[in-house]
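S.K.: Please work out how this folds:
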Amino acid sequence: MAEEIARGLEEQGISSAAADIQGQELGPFIDMIERSAGFVIGSPTINGDAVKPIWDLLSSLATIKLKGKIGGAFGSYLWSGEAVGMIEDRMKSLKIKVPIPGIRAEFIVTDDELQKCRTFGNQLAATVLENYNKLETLNSKH
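M.R.: Residues are numbered from 1 along each chain as shown. Sure, this is the predicted structure:
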């Protein structure tokens with residue numbers, strides 16, 4: 001799913017980097033998010049929740065400037081699928097714009113769902129570019 005979302009972003013001219021944060025130091029990811037115009041976070045739903053490394057990352061983001069960034073969420077599930085909504089709610093509470101509902105896939109991702117992931121990436125890229133262009137216009141007036 002992450003790879004297809006990244007392809008969708010890149011098709012629209014947005015560079016991206018997909019990474020698995022499980023067992024990794026969070027500092028480099030926080031720095032990457034701080035420098036970015038937007039980011040997407042994915043998690044499977046396990047026992048009705050996102051996985052702990054995702055919560056650790058989201059909690060760590062409270063220390064950086066996030067207002068105006070574009071965010072998105074995706075994930076897989078077997079029974080319930082709450083993780084995507086939980087990630088989106090946390091992003092919104094951090095003042096991150098979440099313009100497009102997240103992508104959820106049940107257990108084994110189908111080709112159709114992978115295409116939806118690519119489309120999701122395309123849509124997020126368009127939002128990031130629109131947001132960037134608005135900022136450039138504002139900055140050029142000052």
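S.K.: Break down the chain into its strands, ranges please.
M.R.: Using DSSP state E, the strands of the chain run over 38-42, 70-77, 103-106.
S.K.: Please tabulate those in a markdown table, including the columns mean neighbour count, distance to Lys95 and mean pLDDT.
M.R.: Using the backbone N, CA and C atoms, a C-beta is placed for each residue, glycine as well. Below are the strands of the chain laid out as a markdown table (neighbours: other CB atoms under 10 Å; distance: least, CB to CB, whole Å; pLDDT from 0 to 100):
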| stretch | mean neighbour count | distance to Lys95 | mean pLDDT |
| --- | --- | --- | --- |
| strand 38-42 | 24 | 13 | 96 |
| strand 70-77 | 24 | 10 | 96 |
| strand 103-106 | 19 | 22 | 94 |
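S.K.: To Phe29, which of the ones you listed lies closest?
M.R.: strand 38-42 (9.0 Å; CB to CB).
S.K.: CA atoms only: put the closest one into PDB for me.
M.R.: Taking Å, rounded to 0.1, in the frame of the first residue of the first chain, the C-alpha atoms of strand 38-42 are listed here in PDB:
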ATOM      1  CA  GLY A  38       3.000  16.500   3.900                       C
ATOM      2  CA  PHE A  39       3.200  12.900   5.000                       C
ATOM      3  CA  VAL A  40       1.200   9.700   5.100                       C
ATOM      4  CA  ILE A  41       1.200   7.200   7.900                       C
ATOM      5  CA  GLY A  42       0.000   3.600   7.700                       C
END
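S.K.: Thank you kindly, that will do.
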